[in-house]
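okay, sequence plus prediction incoming.
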Amino acid sequence: MEKTFFVIGTLFSGLAVAAGAFGAHGLKNIVSAERLITWEKAVRYQMYHGLALMLIAWAITQWWNQTNTLQAGGWFFIIGTLLFSGSLYYLVFNGSLDLNGISLGLVTPVGGVFFVLGWLALMIAAWRG
């Protein structure tokens with residue numbers, strides 16, 4: 001599982017670099033300054049948690065007796081990234097978090113909760129490991 005988390009972490013981080021470049025060069029003349037700030041926040045959190053996934057992969061090799069806790073943390077980071085950063089990217093392009101009349105306003109904070117759960121899982125594994 002550590003290889004999977006490392007690969008996904010590098011994918012998220014590489015895509016964050018590409019998304020950051022796109023925001024700086026492709027979006028700056030298309031969206032408002034406020035939306036560009038939102039884009040940058042999505043990129044930043046995606047990068048942080050891509051790196052966190054690589055940290056989880058490393059931690060699994062160090063604290064093998066905490067693999068279940070670390071795997072949960074890795075999945076929390078993946079889900080958090082998809083919900084948090086994904087919803088912010090969607091918001092930048094669409095101006096709202098509505099999808100066919102359904103409000104997705106809670107998606108972003110739920111993604112943030114998954115981030116916190118991931119960091120909590122990593123802390124517990126380190127403490128026990």
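Everything's here; your move.

could you pull out the strands in this protein for me?
98-99, 102-103 (DSSP state E).

pick the most buried one from the ones you listed.
Most buried of those, by mean neighbour count (mean count of other Cβ atoms under 10 Å): strand 98-99, with a mean of 12. From N, CA and C alone the C-beta is placed, and that goes for glycine too.

what's around F93, how many residues?
Neighbours of F93 under the rule other Cβ atoms under 10 Å: 11.

what ranges in this structure fall below the confidence cut-off?
In the prediction, the chain carries no residues with pLDDT under 70.

rewinding a little: got the strands of the chain as a markdown table, with distance to F77 columns?
Shown next, in a markdown table, are the strands of the chain (distance: least, Cβ to Cβ, whole Å):
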| stretch | distance to F77 |
| --- | --- |
| strand 98-99 | 24 |
| strand 102-103 | 25 |
